[in-house]
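S.K.: Please work out how this folds:
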Amino acid sequence: MTQLPIPDPQALAHSQQLQQLIIEQIGAADGWISFGHFMNLALYAPGLGYYAAGARKFGSAGDFVTAPEMTGLFGQTVAAQVREIMLLSARQIIEVGAGSGRLAADLLLELERLDCLPDQYAILDLSADLRQRQQETIAKAAPHLLDRVVWLDRLPETFSGVVLANELLDALPAEVVAWRENGIFNRGVAVDAAGCFTWSERPASGALLLIDYGFPQREFYHQQRGRGTLMCHYRHHAHPDPFYLPGLQDVTVHVDFTAIIAAAHGAGLALLGYTNQGQFLLNCG
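M.R.: The predicted model follows:
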């Protein structure tokens, strides 16, 4: 890990504070927590987790770049699909996990050009820091449309319109499992004698929902994918060590889209389409 950028003292102290919190949680759980629990703390621990603290995540000054940050064409193209859905449903949008607010701003401007502005554009984001940045982004790019935007603490009981999420599923806490000669094991996190995080396996029990990013099930569980899909991002460096500077790096896994669809079916929803991002953008013009 020596090739990764070195954090400044303040950032390092922040990570060490989060590490201590995780160590305490491991101790309180008899020396072992699931990786899903570790990932949830690393990303969302109040005031300390990657998405719950104030560090910049998106763009050249952050750790990774998403499609809306690269070009306004992404939001303009997605607007064609959003417009079609709203005309069939209602002129309401909820964006879950809106990042910097760039996609919201681009969507609103393009929907205005298409004469199909939503009556309300709601953003559901748990990070107070990101909420502030979203408001600043929209106020700068589309100040005359800011009064249409509201921020939610939870999903409404009923809703008609479009629920939109860009690169959200990959940031949901996931479990890690391993196939061994004597069965399936749940990979969790423990603390070694030196006080460092280490993998620790326990026999899997009950049902595990594997939330991942990028493949249908037949590809996700292919025998050639022997090393899994776990990946971390720190200052535009991708690497596989989730224990490096918790709270300062993104921890991501791929989505098992088949499992997502199965869960949707169980909730009474139907699959209307499935394709990759490139084909989706082409289909939208």
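S.K.: May I have the phi/psi pair for Y50?
M.R.: With angles defined as degrees, to the nearest 10, Y50 shows backbone torsions of phi -50, psi -40.
S.K.: Give the closest residue to it in space, chain neighbours not counted.
M.R.: Residue nearest to Y50 in three dimensions, not counting chain neighbours: L43, with 4.8 Å by CB to CB, 6 or more residues apart in numbering. For every residue, glycine as well, the C-beta is placed using N, CA and C.
S.K.: In terms of helices and strands, where is that neighbour?
M.R.: Counting by DSSP states H and E, the element that carries L43 is helix 35-44.
S.K.: tell me what the helix or strand hosting I94 is packed against?
M.R.: Remark: I94 resides in strand 92-96, with elements defined by DSSP H and E. If you count contacts as 3 or more CB pairs under 8 Å, 6 or more residues apart in numbering; DSSP states H and E, strand 92-96 packs onto helix 72-88, helix 102-113, strand 120-124, strand 162-164.
S.K.: rewinding a little: ok, residues contacting the helix or strand following the helix holding L43?
M.R.: Remark: after helix 35-44, the chain's next helix or strand is helix 67-70, criterion DSSP H and E. With contact meaning CB atoms under 8 Å, 6 or more residues apart in numbering, helix 67-70 is reached by F58, G59, F74, G75, G99, S100, R102, L103, D106, N166, E167, Q277.
S.K.: For the residue nearest to Y50, give me its contacts.
M.R.: For L43, the contacting residues are G49, Y50, Y51, A52, A171, P173, D250, V251, by CB under 8 Å, 6+ apart.
S.K.: Show the average pLDDT along the longest helix seen in the chain.
M.R.: The helix of greatest length in the chain, counted in residues with DSSP state H as the criterion, is given as helix 9-28. The average pLDDT within helix 9-28 is 94.
S.K.: related to what we said a few turns ago, check the offset of the strand holding I94 from the chain's centre.
M.R.: 16 Å (CA atoms, centre = their mean, to the nearest Å).
S.K.: Now it: buried residues?
M.R.: Buried residues in strand 92-96, counted by 16 or more other CB atoms under 10 Å: Q92, I93, I94, E95, V96.
S.K.: And stretch 80-97, what's buried?
M.R.: With the criterion 16+ other CB under 10 Å, stretch 80-97 contains buried residues A80, Q81, V82, R83, M86, R91, Q92, I93, I94, E95, V96, G97.
S.K.: next one: stretch 195-205
M.R.: Using 16+ other CB under 10 Å as the test for burial, stretch 195-205 gives F197, S200, E201, A204.
S.K.: quick one on the thing from earlier: could I get the helices and strands packed on strand 92-96 as a markdown table with distance to F243 and mean pLDDT?
M.R.: Formatted as a markdown table, those follow (distance: least, CB to CB, whole Å; pLDDT from 0 to 100):
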| stretch | distance to F243 | mean pLDDT |
| --- | --- | --- |
| helix 72-88 | 33 | 94 |
| helix 102-113 | 31 | 96 |
| strand 120-124 | 30 | 97 |
| strand 162-164 | 33 | 94 |
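S.K.: could you dump stretch 159-172 to CSV, C-alpha only?
M.R.: C-alpha atoms of stretch 159-172 as CSV (Å, rounded to 0.1, in the frame of the first residue of the first chain):
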residue,chain,number,x,y,z
PHE,A,159,-45.3,8.3,-4.2
SER,A,160,-46.0,8.6,-7.9
GLY,A,161,-43.2,9.8,-10.3
VAL,A,162,-39.6,8.8,-10.7
VAL,A,163,-37.2,7.5,-8.1
LEU,A,164,-33.7,7.9,-9.3
ALA,A,165,-30.4,6.6,-7.9
ASN,A,166,-27.0,7.0,-9.6
GLU,A,167,-24.2,4.8,-8.2
LEU,A,168,-26.1,4.1,-5.0
LEU,A,169,-26.4,0.3,-4.8
ASP,A,170,-22.6,-0.2,-4.8
ALA,A,171,-22.3,1.8,-1.6
LEU,A,172,-24.8,-0.3,0.4
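S.K.: Use 388 as the first number for this chain going forward.
M.R.: Yep, numbering from 388; the last one is stretch 546-559 now.
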